[in-house]
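Colleague: This is a predicted model, with the sequence first.
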Amino acid sequence: MTTTQDGRPAPDGPESGPAPEPGASAGTAAPLPAEAGQVSEKEARRVAEAARESTWDRPSFGKELFLGRFRLDLIDPWPRSDPDDVARAEEFLGQLRSFVTSEVDGAAIERDASIPDSVFHGLADLGAFGMKIDRKYGGLGLSNLHYCRALMLAGSASPAIGALLSAHQSIGVPQPLKMFGTAEQKQRFLPRLAAGEVSAFLLTEPDVGSDPARLATTAEPTVDGTGYRLNGVKLWATNGTVATLLVVMARVPTEGRRGGITAFVVDGDSAGITVERRNEFVGLRGLENSLTRFHDVFVPAENVIGREGKGLKIALTTLNTGRLSLPAMCVGAGKWALHVARGWAADRVQWGRPVGEHEAVAQKLSFIAATTYGMETMLDLCCLLADDDRNDIRIEAALVKLYASEMAWKIADELVQIRGGRGYETADSLAARGERPANVEQVLRDLRINRIFEGSTEIMHLLIAREAVDAHLSVAGDIIDPEAGLGRKARAGARAGAFYARWLPTLTVGKGQSPSAYAEFGPLAGHLRQVERSSRKLARSTFYAMSRWQGKMERKQAFLGRIVDIGAELFAMSAVCVRASAERDSHPENVELADLFCRQARVRVDALFAALWDNTDSVDTAAAKRILAGRYASVEEGVVTPSAELPWVARWEPGPSTAEDVRRRIPPKP
C-alpha cells in the first residue's frame, strides 16, 4: 500500500498486488536489507495477510451485504449522536467557521504554496489539532461525525488545511496512540499535539508502496537495550516538513527477538533526521509533504507503539476510521461544486434558456446533486457506526473512501464541463476581468490525489474484495491452497460442504421478491427490494467466480473491482433510503434526492453486473504483456519523451544526508 499525506497511502499510482495496503511515506531508495530484499509474491502476501484483522467479533453491514444477506436492521433506524456531544461540537464548528471565513485566504495559500504561521496559531488556539484527542489530554474529544464535518468545513476554505489537519489526526500520532498507546505514551505526547504541535505518519519509501513486505527502513536495537537506531528514507510524508512528532514504520531484525515491522513515535527534532526536500504536486499546493532521511536516529524503547512486529496491523487498524477523513473533504467538494453549478447554470443563458434547462447540462446537475447527497449520507452513516463501538466498519469505511474519491473526481470533471472555458480558467484570471472567482480548475487538481491517497482505487478494490470473500476463505481456503496437504484439504472440504449447504439456498429467494416488502419506506421501498435482490445476485456471482477460477481468483482483479463497485452502490442506496425516510418530516425534499440517487445507481449497477462476464479483461491482460515487452514501441515514436538519464525510481544509499535540511518550524505565537 502506499501513502502520502504522510501516512496516507500516497501518490503511488495504481499498484496492484496480491494484497491490500496501509499508508506510507518515503525518501530516496537503496539496497534493501536482506530481510526485506526482493521478497517473493508468497512472502508479500503472507506479510499483508498477517496485518489484517482476522476476526469478526462485531456486526458489519458491508460484510453481510457481500454475503447476500441484506441486514437492514444494522443501519435502520438511522443512528443518532449523543445530544451533549452535538452541542459541544456545534459550538466548536461555529468558531471554526468564523475563523476560516475571516482569517484563511485560500487563494493566497494556493498562490504562495504555503499555509501562513498565523493560520497554524489560530487553528491551535481553537483546538483544531486536538479534535480527535480525548478531553483529559487537552483535546476536544469530537465524535467521528463532527470531526469529519470540521474537516469538510476547513477543507472548503483551503484543501491544504483539510489535508494538514487530517494527516495530523487520522493517521498521525494521535490515532495510533489512542488505539494502541500506553497510558504513559498518551500522557507524554497527546497534550503536546492537542496544543498545536503537528504530527506525520511515515511508511512509504521510494521503492516501497503497496508492498510493505519490502520495507527497507531498519530499527536496530542498541546493545544496552535502551532503544533503537533508525536508518532509512521515507517518501511522501504529509506534514513531514512541519511535524515535530512522527509515527515511523521500520523493520526490527528478527534474530533472537520478535522483530518485524514496528511502529515508533519519533521526535521530529532528533539528531540524524534530515528533511531533504519538500515535494511539489499538481494540486494541494499548500501541502507540507517531505522526503525525510533517518541516519542513526536514536529512538527510546518506550516509544514503541504496541509491540515489535505489530506495525502494519496498527497502520491498517488506524486506517479503518482514518479513511473517513478523506471522503469528508470529497463531500465538501461536492457541496461546493453543486453550489457553483447551480448558480452558474441558472444565470448563464444560451439559446434563450438558462443552460441548466438544457438536457445535456441538466443530466450533469442531477448527477452532482444526487451523488453529493449519496456521498454525504454514506459518510455520515459510517461515522455514526464508528462512534458506536458495537460495529465493525472496516468494509464500510473502505467503501466510502473508494466511492467518494471516485465520484468527487467525476463531479469536478462535470463541473468544469458545465462552466466551459471558465471552468478551465483560474480564479485570479476570472476576478481580474470582473467575474466571480470560482476556482473550479483548482478543485479538479486538488481532488485528483484522493483516488490515490490512503489506498489507490486499485488497491482499495483488492483490500475490500479480500474482506468480502473472507467467509469463503475461512471455510474453503485450504481447498485451493497448493501447499495444503490432503488432510487439510479433506477437512476444508467437509467445512465447505456444511457451510454452502446452509448458505446457497438463502441466495435463491428473499424479501426483495415480495411486492409489499419494505412498505414502511414509502416511495423508496422499491429501491430497497432491488438492493436485497442485487445483494443475493452479487453473492451468487462471487461464489460462481470462486468455483470457476479457484486459486486464480486473486488474479481476476478487474472482476473483483466490479464486485466491490457493485457493493459500494448497494451500500449507498441502502444508506440514502434509510436516511431520507428517517428525515422525511424535517427534510421531505431528501426523499426526492434519495429516489434520484437510487435510479442513477441502479443504472450503474446493471452495467457492472453485465460487465462481470462480458468484458475484455483477458485480452487486455494478454496485450499488456506484449506492451511491457516492447512489441508496440513503434506507437511511441514521433514525440519528445522524458529523459532516460534518470531512473523511474530513485535509489537511496544508507548514510548521513548530503542535502540541506528544508524543514519548516512554526515559531511560537507572538
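Modeller: Thanks, I have it. Numbering: from 1, shown residues only.

Colleague: Now do the strands in this protein.
Modeller: 199-202, 218-221, 227-238, 245-252, 260-267, 273-278, 289-300, 304-305, 349-350, 353-354 (DSSP state E).

Colleague: measure the nearest residue to residue 364 once chain neighbours are set aside to residue 603 for me?
Modeller: The shortest distance from residue 364 to any non-neighbouring residue, by Cβ to Cβ, 6 or more residues apart in numbering, is to residue 414 (4.4 Å). In short, each C-beta sits where N, CA and C put it, glycine included. The gap separating residue 414 from residue 603 is 16 Å, by Cβ to Cβ, to the nearest Å.

Colleague: quick one: which of those two has more around it?
Modeller: Between residue 414 and residue 603, counted using other Cβ atoms under 10 Å, residue 414 has the larger neighbour count: 20 against 11.

Colleague: hang on, the more buried one packs against residue 368?
Modeller: Yes. Contact criterion Cβ atoms under 8 Å: residue 414 and residue 368 qualify, at 6.1 Å.

Colleague: shared neighbours of those two, anything?
Modeller: Counting by Cβ atoms under 8 Å, 6 or more residues apart in numbering, the residues touching both residue 414 and residue 368 are residue 341.

Colleague: Now residue 485. Its backbone dihedrals?
Modeller: When quoted as degrees, to the nearest 10, the phi and psi of residue 485 stand at phi -80, psi 180.

Colleague: Flag the shaky bits of the protein, pLDDT-wise.
Modeller: 1-41, 210 (pLDDT under 70).

Colleague: for it, which helix is longest?
Modeller: Ranked by residue count and defined by DSSP state H, the top helix of the chain is helix 359-387.

Colleague: my guess is residue 213 contacts residue 50, does it?
Modeller: No. Assessed by Cβ under 8 Å, residue 213 is found out of contact with residue 50, at 9.8 Å.

Colleague: and the two? which has more neighbours close in?
Modeller: residue 213 (25 against 16).

Colleague: Which positions within stretch 208-223 qualify as buried?
Modeller: 208-219, 221 (16 or more other Cβ atoms under 10 Å).

Colleague: right, I mislabeled it, should have said stretch 591-606
Modeller: Applying a neighbour-count criterion of 16+ other Cβ under 10 Å, one finds 591, 593, 594, 595, 596, 597, 598, 600, 601, 602, 605 buried in stretch 591-606.

Colleague: check contacts around the third one.
Modeller: It stands for residue 594. 373, 524, 527, 576, 577, 579, 580, 581.

Colleague: With adjacent residues omitted, what lies nearest to it?
Modeller: residue 580 (3.6 Å).

Colleague: distance of the closest residue to residue 208 other than its chain neighbours from residue 205?
Modeller: Distance criterion Cβ to Cβ, 6+ apart; nearest residue to residue 208, sequence neighbours excluded, is residue 214 at 4.9 Å. According to Cβ to Cβ, residue 214 and residue 205 sit 8 Å apart.

Colleague: same thing with residue 266?
Modeller: Residue 266 is 15 Å from residue 205, by Cβ to Cβ.

Colleague: Just tell me which of the strands of the chain ends up closest to residue 561.
Modeller: For those, the distance to residue 561 is smallest for strand 227-238, at 24.1 Å, taking Cβ to Cβ.

Colleague: That closest one packs against which elements?
Modeller: Packing partners of strand 227-238 (3 or more Cβ pairs under 8 Å, 6 or more residues apart in numbering; DSSP states H and E): strand 199-202, strand 218-221, strand 245-252, strand 260-267, strand 289-300.

Colleague: 7 Å instead, please
Modeller: strand 199-202, strand 218-221, strand 245-252, strand 289-300 (3 or more Cβ pairs under 7 Å, 6 or more residues apart in numbering; DSSP states H and E).

Colleague: and of these, who's closest to residue 453?
Modeller: Nearest of those (Cβ to Cβ): strand 289-300, 11.1 Å.

Colleague: Give me the angle between that closest one and strand 260-267.
Modeller: 100 degrees (axes from the mean of the first three to the mean of the last three Cα atoms, to 10 degrees).

Colleague: Contacts for strand 289-300 next, please.
Modeller: 4, 6, 27-28, 202, 217, 226-238, 240-241, 264, 266, 270, 272-279, 655-657 (Cβ atoms under 7 Å, 6 or more residues apart in numbering).

Colleague: who does it pair up with?
Modeller: Partner strands and pairing direction for strand 289-300 (DSSP bridges) are strand 227-238 (antiparallel), strand 273-278 (antiparallel).

Colleague: tell me the most buried of these?
Modeller: strand 227-238 (a mean of 28; mean count of other Cβ atoms under 10 Å).

Colleague: tell me the angle that strand makes with strand 245-252.
Modeller: Computed by the same axes, to 10 degrees, the angle between strand 227-238 and strand 245-252 is 120 degrees.

Colleague: Distance-wise, check the residue lying farthest from the centre of the chain relative to residue 366.
Modeller: Using Cα atoms, centre = their mean, the residue of the chain lying farthest from its centre is residue 352. It sits 44.2 Å away. Remark: distance between residue 352 and residue 366 (Cβ to Cβ) = 22 Å.

Colleague: go on, residue 418?
Modeller: 12 Å.

Colleague: who's more crowded, these two?
Modeller: residue 418 (24 against 16).

Colleague: The more buried one contacts residue 361, doesn't it?
Modeller: Yes. Under the criterion of Cβ atoms under 7 Å, residue 418 makes contact with residue 361 at 5.8 Å.

Colleague: Show me the common contact partners of these two, please.
Modeller: residue 345.

Colleague: Could you double-check that residue 402 sits in contact with residue 568?
Modeller: Yes. Between residue 402 and residue 568 there is a contact at 6.1 Å, judged by Cβ under 7 Å.

Colleague: more crowded one of the two?
Modeller: residue 568 (31 against 27).

Colleague: which residues sit in contact with that one?
Modeller: 399, 402, 403.

Colleague: For residue 539, state which of those is nearest.
Modeller: residue 399 (16.0 Å).

Colleague: ok, so what distance separates the closest one from residue 75?
Modeller: 13 Å.

Colleague: Neighbour count for those two, which is higher?
Modeller: The neighbour comparison of residue 399 against residue 75 (other Cβ under 10 Å) goes to residue 399, with 30 against 20.

Colleague: Excluding chain neighbours, give the residue nearest to the more buried one in space.
Modeller: residue 568 (4.7 Å).

Colleague: Dig out what the nearest residue to residue 250 once chain neighbours are set aside forms beta bridges with.
Modeller: The shortest distance from residue 250 to any non-neighbouring residue, by Cβ to Cβ, 6+ apart, is to residue 219 (3.9 Å). Residue 219 forms beta bridges with residue 230, as assigned by DSSP bridges.

Colleague: separation between residue 350 and residue 242?
Modeller: Relative to residue 242, and taking Cβ to Cβ, residue 350 is found at 47 Å.

Colleague: picking that back up, among the helices and strands packed on strand 227-238, show me which one is buried the most.
Modeller: Of all those, strand 199-202 has the most neighbours on average by mean count of other Cβ under 10 Å, namely a mean of 34.

Colleague: Give me the sheet partners of that one and which way each runs.
Modeller: Assessed with DSSP bridges, strand 199-202 is paired to strand 245-252 (parallel).

Colleague: CA atoms only for the strand it pairs with - export them in CSV, please.
Modeller: The C-alpha coordinates for strand 245-252 follow below in CSV (Å, rounded to 0.1, in the frame of the first residue of the first chain):
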residue,chain,number,x,y,z
LEU,A,245,6.3,14.2,16.3
LEU,A,246,6.3,11.3,13.8
VAL,A,247,4.9,7.8,13.5
VAL,A,248,7.6,5.8,11.7
MET,A,249,7.4,2.3,10.4
ALA,A,250,10.7,0.4,10.4
ARG,A,251,11.9,-3.2,10.3
VAL,A,252,13.4,-4.6,13.5
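
Colleague: Can you name the residues that contact residue 403?
Modeller: Taking Cβ under 7 Å, 6+ apart as the test, what residue 403 contacts is 375, 378, 568, 572.
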